[in-house]
Every structure is written in structure tokens, then in C-alpha cells.
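Student: everything below, folded, please.
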Amino acid sequence: MAAWSALLTCWFGDSPDLATTLTQKHSLWFSKSAQQDEWLRQQFGKLHQQACCGALAQWEEQAESRLALIILLDQLSRNLYRDQPHAFAQDATALSLAKTAIAQGMDQQVPLLYRVFYYLPLEHSEQLADQHQAVALFTELQQQCAGQHPQQLAAFVSFTDFAERHRQVIARFGRFPHRNAILGRSSSADEQQWLAQPGSGF
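Tutor: A predicted model of the protein is given here:
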């Protein structure tokens, strides 16, 4: 099995049932766990280093292998370097890979759930234009889910809601205040007040 295929199998599982995948993998995607981060480091740490060095450029050629590369750079960077500046060091590369793929229609070649991770680099961007695009893409994805998998619509509504919440933060501050301490940025009084609220850091 190709390395990119093994990564996607780990990330999405091997069940064809959308409900099963959402149930089994949600914590892997969105929960914070030192044990889980270490497991991912052991499984994919060397592959991540190769991706950061540009050694996996051949993965860019196909929709699914390109998605695996984006997951390595965008998602796994956050697991492997949680609460460290390196967690965001590959964001620009992941964003460029995602935007180019979307412009070429590559996101339309993968299952609905896979497309969530094509769009997350835009949601992670501190540029408002990217946030607008993220909300539009997640809204479209939600609408398609309503037609194809109505029983799982709540999950896709949640994805859209989080995209909107990210956009609101960028519209207000022009950046994500919860990254300030990690990146050595000073927080304004308004940002400090916002950071004191529960759930402000997503």
C-alpha cells in the first residue's frame, strides 16, 4: 500500500459507511490527546518531515494523494507540534496546495467527508478572503450532504458552524488570538478579553 493511501486509511478508516467513519474518527480529528499525538508521531513523523522538505511533491498529482499531503502538513503539524510554533509552520504550503486543488476541481473528485480536509487550510488561514471561501465551500458541502446523506447532516452543519466562527474571529481581530502566545505575539486588550471566554481557542 502506498504511504499516502495508508495515511488516508488511518485518517478515515476503511468503512464505506459515513456514520461509522464520523463516529470512529471524530476524536482523532478534533480531540486533544497527548497519547494520540505521540501515536501519530510514531506512525507518521518521518513522513511529515519528508513532506516539510518537499520530498513528497509527487503526491500533488492526484486528488487523494494530494489530500493526504495536505492532511500531513495542515492537520498532523498540529498534532506533532501542539502548542509550538511549528504547529503552524506548514500552513502556507497546505493552503496553497488546497487552493490550487480547489481551483482545478480536485476536491470534487473525493468523497464528501474527505473534502472537509481540503477546506480546513482555508479555515486555518488568517486572511479574511480565505475565510469567506471556507464558509462558502462548507455551506455547499452541507447542502450536498443534505441531498446525499441527510441522516448525517448535523455533522456537516457543525463543520459549517465552525467555519463561520473562525471567519468571525478573523473579521474581528485579523488573526487568531489563541495563537498569539505560541507565536510570541502580544495580545491587545480586546484580544485578552476574548481569550478569557470559554471556548475562545476552538
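
Student: now the most centrally placed residue in the chain: which helix or strand?
Tutor: The centroid of the chain falls nearest to residue 120 when counting by Cα atoms, centre = their mean (3.6 Å). According to DSSP states H and E, residue 120 maps onto helix 112-123.

Student: what sits up against that helix?
Tutor: For helix 112-123, the surrounding residues in contact (Cβ atoms under 8 Å, 6 or more residues apart in numbering) are 8, 11-12, 18, 21-22, 64, 67, 70-71, 74-75, 91, 94-95, 97-99, 101-102, 106-108, 110, 130-131, 133-134, 137-138, 141, 144-145, 148-149, 156, 159, 162-163, 166. In short, each C-beta sits where N, CA and C put it, glycine included.

Student: got a PyMOL select line for the buried ones in those residues?
Tutor: Remark: buried members of these, expressed as a PyMOL selection using 16 or more other Cβ atoms under 10 Å:
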select buried, resi 8+11+12+18+21+22+64+67+70+71+74+75+91+94+95+97+98+99+101+102+106+107+110+130+131+133+134+137+138+141+145+149+156+159+162+163+166
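
Student: pLDDT weak spots in the protein?
Tutor: For the chain, no stretch is flagged by pLDDT under 70.

Student: circling back: now, which of the contacts of helix 112-123 lie within helices?
Tutor: 8, 11-12, 18, 21-22, 64, 67, 70, 91, 94-95, 97-99, 101-102, 130-131, 133-134, 137-138, 141, 144-145, 148, 156, 159, 162-163, 166 (DSSP state H).

Student: which residue sits farthest out from the middle of this structure?
Tutor: The outermost residue of the chain, judged against the average C-alpha position, is residue 189 (28.8 Å), by Cα atoms, centre = their mean.

Student: would you mind measuring from that residue to residue 173?
Tutor: Using Cβ to Cβ, to the nearest Å, we find residue 189 at a distance of 12 Å from residue 173.
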